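Undergrad: What follows is a protein structure lacking sequence information:
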């Protein structure tokens with residue numbers, strides 16, 4: 001394929017006969033390593049919608065690598081990427097790609113970033129099934145995967161999430177400073193976040209959700225989440241016997257994930273926030 005990197009050519013040769021559950025983690029591990037190595041050599045960064053919404057040349061290079069590989073190994077599958085990769089599906093399946101999740105963190109030298117992918121059946125905005133997903137945090141050499149009802153961290157199966165209430169657990173979340181001026185959104189967010197044991201904002205949703213699936217933080221909520229920031233982690237949480245759902249409140253749609261008791265607590269608080 002014209003313009004394909006040597007890295008992509010070598011990857012395709014090695015993974016030519018890989019199953020989906022093998023391909024997904026291999027993609028994000030290689031994409032994550034590519035992004036990290038590019039950062040170590042120095043990056044050019046450009047602004048998208050705000051000072052904190054940025055893209056680097058590593059984002060685009062990592063996404064091109066994944067898209068090129070999928071075009072060769074899964075030619076009938078669709079592709080949907082954060083940085084613009086888009087291909088209609090002929091198979092009913094779509095690979096949803098976030099080459100660098102947490103780009104602002106990444107561009108500032110933080111290790112709290114990842115590469116994530118989810119393979120879905122049906123429309124990515126409301127898929128019938130998430131076939132496989134993978135999240136790689138390259139700085140820590142850690143990969144989470146979900147496939148066939150199992151959620152794994154570096155190949156070891158995660159323990160099922162234990163039900164516990166919101167007020168006993170930490171809640172990972174994000175609310176852009178400017179959005180805090182919106183009474184409806186701020187009110188819905190405060191209704192739930194103020195009832196958690198503590199709140200953390202890390203800036204990379206897929207790592208947040210992977211950490212929820214691993215039991216490292218209690219739950220997660222954020223509004224207006226893009227498919228590539230939601231689907232990889234949603235699969236991890238659900239495969240760890242948790243819940244990951246969407247709900248409308250304050251004029252926006254919230255994604256909420258965690259153990260089932262915590263999610264029920266957040267849903268109830270969001271429902272009450274408009275009264």
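TA: Nice, I can see it. Small disclaimer: the values here were computed from a predicted structure and weren't measured.

Undergrad: okay, CA-based contacts and neighbour counts for the rest of this
TA: Fine.

Undergrad: Mind jotting down where the strands sit in the stretch 51-200 of the chain?
TA: 53-56, 78-81, 86-87, 93-101, 114-121, 129-137, 142-147, 150-153, 156-157, 170-174, 198-200 (DSSP state E, counting those that start in this stretch).

Undergrad: avg pLDDT for the last one?
TA: It refers to strand 198-200. Strand 198-200 carries an average pLDDT of 98.

Undergrad: before we move on, what about stretch 216-231?
TA: Rounded to a whole number, the mean pLDDT of stretch 216-231 is 98.

Undergrad: List the buried residues for that stretch?
TA: 217-223, 227-231 (16 or more other Cα atoms under 10 Å).

Undergrad: okay, those residues in TSV with secondary structure and distance to residue 58 next?
TA: TSV is the format used below for those (DSSP: H, G, I helix; E, B strand; the rest coil; distance: Cα to Cα, whole Å):
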residue	secondary structure	distance to residue 58
217	coil	29
218	coil	31
219	strand	30
220	strand	27
221	strand	27
222	strand	25
223	strand	26
227	helix	20
228	helix	17
229	helix	18
230	helix	21
231	helix	22
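
Undergrad: of those residues, closest to residue 69?
TA: Nearest to residue 69, judged by Cα to Cα, of the buried residues of stretch 216-231 is residue 228 at 18.0 Å.

Undergrad: pretty sure the closest one contacts residue 96?
TA: Yes: if you go by Cα atoms under 8 Å, residue 228 and residue 96 touch, sitting 5.6 Å apart.

Undergrad: okay, and the common contacts of the two?
TA: Common neighbours of residue 228 and residue 96, counting by Cα atoms under 8 Å, 6 or more residues apart in numbering, are 81, 117-118.

Undergrad: Please report the distance of residue 219 from residue 87.
TA: Using Cα to Cα, to the nearest Å, residue 219 is found at 33 Å from residue 87.

Undergrad: What of residue 42?
TA: Look at residue 42 and residue 87: by Cα to Cα, they are 30 Å apart.

Undergrad: Listing request: residues of the protein with sub-threshold pLDDT.
TA: Residue ranges of the chain with pLDDT under 70: 1-3, 44-55, 275.
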